[in-house]
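K.L.:
Next comes the sequence, and after it the predicted model I'd like to discuss.
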Amino acid sequence: MRGRVEEDLCMGHGMCAALAPGVYEVSDLGTNDMGEFVVVAGAEDAARRGARACPERAILLEEEVHSG
Ligand code: SF4
């Protein structure tokens, strides 16, 4: 799974890292500056929880497309 943080939308609530500390990191200012990232296998649910928790909807996740 891949994802992207819209840094213009991030208001530094830190909810993403609070809910999914293994997936998201925030700076000393509390903002998530990760940009594009890859979610490691097994961390997808945590990634979704963190993205849903973002009040600004700044985290976009691309679900993997499985063929075959
Ligand atoms: S929860 Fe959203 S607004 Fe808050 S730090 Fe994470 S990406 Fe930014």
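P.N.:
Arrived safely, thanks for sending.

K.L.:
isn't residue 30 right up against residue 14?
P.N.:
Yes. Counting by Cβ atoms under 8 Å, residue 30 does reach residue 14; the two are 4.6 Å apart. The C-beta positions use only the backbone N, C-alpha and C, and glycine is treated the same way.

K.L.:
if you count what's nearby, which of these two comes out ahead?
P.N.:
Ranked by neighbour count (other Cβ atoms under 10 Å), residue 30 and residue 14 place residue 14 first, with 18 against 13.

K.L.:
if I look at that one, how far off is residue 57?
P.N.:
15 Å (Cβ to Cβ, to the nearest Å).

K.L.:
Can you show me the strands along the protein?
P.N.:
Secondary structure of the chain by DSSP state E: the strands cover 2-5, 36-38, 59-62.

K.L.:
ok now the shortest one, how far from the chain's centre?
P.N.:
Spelled out, that is strand 36-38. In terms of Cα atoms, centre = their mean, to the nearest Å, the centre of strand 36-38 is found 9 Å from the chain centre.

K.L.:
Please shift the residue numbers so they start at 5 in all later answers.
P.N.:
Noted, 5 is the first residue going forward, which turns the last one into strand 40-42.

K.L.:
That strand: which residues count as buried?
P.N.:
residue 41 (16 or more other Cβ atoms under 10 Å).

K.L.:
May I have the beta-bridge partners of the closest residue in space to residue 40 that isn't next to it in sequence?
P.N.:
If the residues on either side of it in the chain are set aside, residue 40 comes closest to residue 8, at 4.9 Å by Cβ to Cβ, 6 or more residues apart in numbering. Taking DSSP bridges, one finds residue 40, residue 64 as the beta-bridge partners of residue 8.

K.L.:
So for residue 8, what's the pLDDT?
P.N.:
In this model, residue 8 is scored at 98, pLDDT.
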